[in-house]
Each structure stands twice: as C-alpha cells, then as structure tokens.
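> Turn this into a structure:
(chains A and B)
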Amino acid sequence: DAGVIQSPRHEVTEMGQEVTLRCKPISGHDYLFWYRQTMMRGLELLIYFNNNVPIDDSGMPEDRFSAKMPNASFSTLKIQPSEPRDSAVYFCASSPGSLSLPNTGELFFGEGSRLTVL
Amino acid sequence: AQKVTQAQTEISVVEKEDVTLDCVYETRDTTYYLFWYKQPPSGELVFLIRRNSFDEQNEISGRYSWNFQKSTSSFNFTITASQVVDSAVYFCALGTLGQFYFGTGTSLTVIP
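Next comes the predicted model:
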C-alpha cells in the first residue's frame, strides 16, 4: 500500500520566490497534518485538517504561509514570499483518527520535503 | 499544559548493549495516547507504537519493549541487544485534545 506521498523531496529557491509543497495522504485517512522540522525548534505542527476542513492553524507562523486541502487526496502548503528562515524539512502526515480521541490515531508521515531558501 | 520531555539528547552504546530511552509527559487529561517514532538518517519518521492512557500493560515487540507507568508519567523505550541499524533519532509524543506534542528527540548512536 502506498504511504503518504510528498513532493518535491528537495527544493532550493531564492528568497522572495513562491514555494508550493504537495501531499497525498493515505487513502481513507480523515486527518492530515503539516509539520515543520528544524534543528532549533524540533517538530512543529503548522496546521491540520479533518475531512478536508482546516481545524487548527495556530501553528502557521505568518501570513506568508497558507495551506489548502481541496479534496481528500491532496493538500498543499504554500509559502509566499519565501525567506531563508523558512528553510526546514516539511512533513505531511495522515491519520485514521481514533474513536475515543478523534485525531490521535497514529500519524503516518511522508518522507518530507527539504526546503532551502537562499 | 501538555508537554513531552526527552531529557537524553544523545546516547551512544556499543552494539549488543541494551539501551533505554526515557520519556516523561505532562497532561491533565485522563484520556490520551502515547507514541514513539523513529527517524533514521534517511529522514523519514517511522511509527513504532501507540498506547492509550488506560492500558499500562508493557509491550514487547522483538528487541523493542515499552514501559508505561502512569504513576511517574513515563513511557520509556528499551532496545535490547542494540544493532547499528537502530541508530536514529527517537521521538516520544503525546496525543490529546486534538493535538500531538512531540519531545525534542533522543539521538541514538550504536557503535559497531
């Protein structure tokens, strides 16, 4: 079975450019999460969706960041304009949820998108 | 406040030694889940285990075992007879009230 698929795996861009990261969750999973990982801050939750609806975007650092989930099989994380401090590995994860705590089923992570902003 | 603490930043062991990775969590919720994830040098995050707050039974899976103790708010992870392939960063996480909280990770190096 296919896992969570992210693209691109690596992205190098210049400051000011728009960056779009893509994610295809595991089929049937109701929850989709975007995380950012840096050495300084570890794993940070940026936003998560339930049934394509954004539930909590309090982790999105600035208005430069936006995320969408137009359907159950696709999500994007966009940074516009990008800055060098956005350099990080961005992970997408999906989860089937759980009955007792709706969004605490195990997270299945993609391989990550490594973003470098020069 | 919800929090996960992995006090051990880095651990090095010689192959075949046993090693325990500590995880201490804080939550006031009575229903929650605890997780361990492995991040090998290749970078992906691999799910290892999920336990709910009502199940304190220890679990063993091959060389891996987990000790969940609510009295000390700990969910420790032991690798028996470590191997070089166990070298990775290991993350403990708490899931509750619609959020996941990750620890800062413990970097394990197994020396041949």
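> Run through chain B and note the low-pLDDT ranges.
Counting by pLDDT under 70, chain B shows low-confidence ranges at B:97-98.
> In it, which residue sits nearest chain A?
Taking Cβ to the nearest Cβ as the measure, chain B has residue B:95 as its residue closest to chain A, at 3.3 Å. The way it works is simple: take the backbone N, C-alpha and C, and place the C-beta from them, glycine included.
> Touching, that residue and residue B:33? I think so.
Yes: with the criterion set as Cβ atoms under 8 Å, residue B:95 and residue B:33 qualify as a contacting pair; they are 4.1 Å apart.
> CA atoms only for the longest strand anywhere in chain B, dumped as PDB, please.
For chain B, the longest strand by residue count, based on DSSP state E, is strand B:88-96. Listed next in PDB are the C-alpha coordinates belonging to strand B:88-96 (Å, rounded to 0.1, in the frame of the first residue of the first chain):
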ATOM      1  CA  ALA B  88      18.400   7.100  14.700                       C
ATOM      2  CA  VAL B  89      16.600   9.900  16.400                       C
ATOM      3  CA  TYR B  90      13.700   8.600  18.500                       C
ATOM      4  CA  PHE B  91      10.700  10.800  19.300                       C
ATOM      5  CA  CYS B  92       8.200  10.300  22.000                       C
ATOM      6  CA  ALA B  93       4.800  12.000  21.500                       C
ATOM      7  CA  LEU B  94       1.600  12.700  23.400                       C
ATOM      8  CA  GLY B  95      -1.800  12.900  21.700                       C
ATOM      9  CA  THR B  96      -4.600  14.500  23.500                       C
END
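> neighbouring contacts of the helix or strand following that strand?
Moving toward the C-terminus from strand B:88-96, the first helix or strand encountered (DSSP states H and E) is strand B:99-102. By Cβ atoms under 8 Å, 6 or more residues apart in numbering or on different chains, the residues outside strand B:99-102 that reach it are A:33, A:42-43, A:45, A:56, A:104, A:107, B:2-4, B:25, B:35, B:37, B:91-95.
> quick one: strands adjacent to strand B:99-102?
The partner list of strand B:99-102 in its sheet, established with DSSP bridges, is strand B:88-96 (antiparallel).
> contacts for the partner strand?
Strand B:88-96 is contacted from outside by A:43, A:101, A:103-104, B:2-4, B:6, B:21, B:23, B:25, B:27, B:29, B:31-41, B:45, B:75, B:77, B:100-103, B:105-108, using Cβ under 8 Å, 6+ apart.
> And residue B:95 and residue B:33? Which one has more around it.
When neighbours are counted by other Cβ atoms under 10 Å in any protein chain shown, residue B:95 and residue B:33 differ, and residue B:95 comes out ahead with 27 against 20.
> any idea how far that one is from residue B:101?
Using Cβ to Cβ, to the nearest Å, one gets 8 Å for the distance from residue B:95 to residue B:101.
> now swap in residue B:74 and tell me
15 Å.
> out of these two, which sits in the busier spot?
Remark: of residue B:74 and residue B:101, residue B:101 carries more neighbours, 20 against 16, as counted by other Cβ under 10 Å.
> Which strand residues bridge residue B:38?
Judged by DSSP bridges, the bridge partners of residue B:38 are residue B:46, residue B:90.
> Ok, residue A:54 next?
Partner residues in beta bridges with residue A:54, using DSSP bridges, are residue A:49.
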